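curious how this folds, go ahead:
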Amino acid sequence: MLDERKRRILQAVVDDYISSAEPVGSRTVARRHDFGVSPATIRNEMADLEDMGYLEHLHTSSGRIPSSKGYRLYVDNLLSPAPIDERERALIDHWYRKRVKRVESVFQETAKIISRLTKNLALVLAPQLDEAAFRTLQFVPLGEDRVIAVLMTDAGFVENRVVKMPKGASFEDFQRMAEVINRCLSGEKLSSIGTAALKRIRAEVMDESLYQAAMELIYEALDEERKEQRLYLGGTTEMLAQPEFRDVTRVRALLSLLEEENFVKDVLQKKSQEGLVVTIGRENEYSGIEDCSIIRATYHLDGECLGTIAVLGPTRMEYGKAMALLGYLNHHIAALVQPFRW
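Numbers count the residues shown, from 1 in each chain. Purely as a prediction, here's the structure:
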């Protein structure tokens with residue numbers, strides 16, 4: 001347990017280091033913060049904080065920087081994230097109104113706005129199609145012997161395919177088949193469409209060639225996407241502009257990790273807690289990001305968890321700002337996706 005003065009000094013060191021990217025000395029703390037004690041007293045308190053593992057002393061400087069343990073106490077007990085300011089709120093709302101025209105762009109633009117406002121890497125894990133439910137299948141005529149099939153899920157994702165009509169089939173046959181499929185599959189999870197539903201469709205469609213064409217369409221359209229969540233990244237250049245990434249070796253290791261999509265998804269899915277989750281420095285289990293922090297938030301649609309938004313950057317990040325931004329966007333995404341749903 002830290003007494004009140006040590007807590008305040010730790011908070012001051014973290015705040016100053018986040019803003020300056022320079023190790024913080026006792027004289028700096030005494031000058032910038034009114035503790036009512038001498039720099040010597042502050043120096044002793046900072047030495048105690050170092051002995052307790054909350055601060056680290058760089059040999060090249062007389063100042064100290066926060067450790068992962070220090071950041072953890074700061075985030076959990078000393079930081080009160082303030083709501084994002086009206087200017088940033090207006091920027092976000094304008095950004096989405098101007099740029100979002102289809103559901104996929106919601107997630108692409110979310111990654112961009114996060115990186116722009118936090119100056120760090122943004123990660124967005126979009127809805128997993130096998131967790132989405134079938135909503136509707138429609139056909140649009142395309143010439144004499146082809147149709148465009150449009151498959152939509154309740155998460156708003158649309159898959160389009162051009163389908164060649166079997167010999168002897170008409171567009172009206174495809175329309176009737178769509179009515180049967182929509183009635184039998186509406187609301188079914190894509191990952192759990194069972195044989196019973198397929199038997200009902202086959203019995204009502206009756207024409208085996210039409211039935212096979214429809215089933216091939218559904219499974220071809222979803223075969224790749226249904227297994228993977230869609231990952232959007234934004235702001236690599238923003239993050240690499242941070243002082244911590246001037247080390248070429250460190251940058252190379254981090255970029256190599258970010259190229260591994262499965263690795264990034266695993267990092268985002270590692271924690272299952274609801275709400276904002278912050279992992280700091282050495283709390284990250286993977287080699288290459290021990291000096292980074294990740295702030296994650298799950299987002300929901302109609303009460304169902306669909307994906308994750310996150311900020312990845314150096315441990316010296318503006319936690320309060322990033323947490324406030326993710327909190328706002330966490331509630332914003334459902335409203336943005338909703339208009340795309342049928």
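
SS state for the residue of the chain positioned farthest from its centre?
What lies farthest from the middle of the chain is residue 168; by C-alpha atoms, centre = their mean that is 48.2 Å. The three-state assignment at residue 168 reads coil, by DSSP: H, G, I helix; E, B strand; the rest coil.

before we move on, which element is residue 92 in?
Residue 92 is part of helix 86-99 when elements are defined by DSSP states H and E.

for that helix, which positions count as buried?
88, 92, 95, 96 (16 or more other C-beta atoms under 10 Å). Just so you know, the C-beta spots here come from the backbone N, C-alpha and C atoms, and that holds for glycine as well.

which other helices and strands contact the top helix by length along the chain?
Longest helix in the chain, counting residues (DSSP state H): helix 319-337. Packed against helix 319-337 by the contact rule (3 or more C-beta pairs under 8 Å, 6 or more residues apart in numbering; DSSP states H and E) you find helix 86-99, helix 103-118, strand 276-280, strand 292-301, strand 304-314.

want to throw those into JSON lines with mean pLDDT and distance to residue 22?
As requested, the helices and strands packed on helix 319-337 are exported to JSON lines (pLDDT from 0 to 100; distance: least, C-beta to C-beta, whole Å):
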{"stretch": "helix 86-99", "mean pLDDT": "82", "distance to residue 22": "26"}
{"stretch": "helix 103-118", "mean pLDDT": "81", "distance to residue 22": "20"}
{"stretch": "strand 276-280", "mean pLDDT": "90", "distance to residue 22": "20"}
{"stretch": "strand 292-301", "mean pLDDT": "84", "distance to residue 22": "19"}
{"stretch": "strand 304-314", "mean pLDDT": "82", "distance to residue 22": "14"}
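
okay, these in JSON lines with distance to residue 145 next?
Listed next are these as JSON lines, based on distance: least, C-beta to C-beta, whole Å:
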{"stretch": "helix 86-99", "distance to residue 145": "38"}
{"stretch": "helix 103-118", "distance to residue 145": "30"}
{"stretch": "strand 276-280", "distance to residue 145": "53"}
{"stretch": "strand 292-301", "distance to residue 145": "38"}
{"stretch": "strand 304-314", "distance to residue 145": "38"}
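
residue ranges of the helices in the stretch 151-300 of the chain, please?
Remark: helices assigned in the stretch 151-300 of the chain by DSSP state H, counting those that start in this stretch are 171-185, 195-205, 208-222, 236-240, 248-258, 261-269.

so where is the stretch 201-342 of the chain shaky, pLDDT-wise?
Along the stretch 201-342 of the chain, segments meeting pLDDT under 70 span 217-229, 270-274, 301-306, 334-342.
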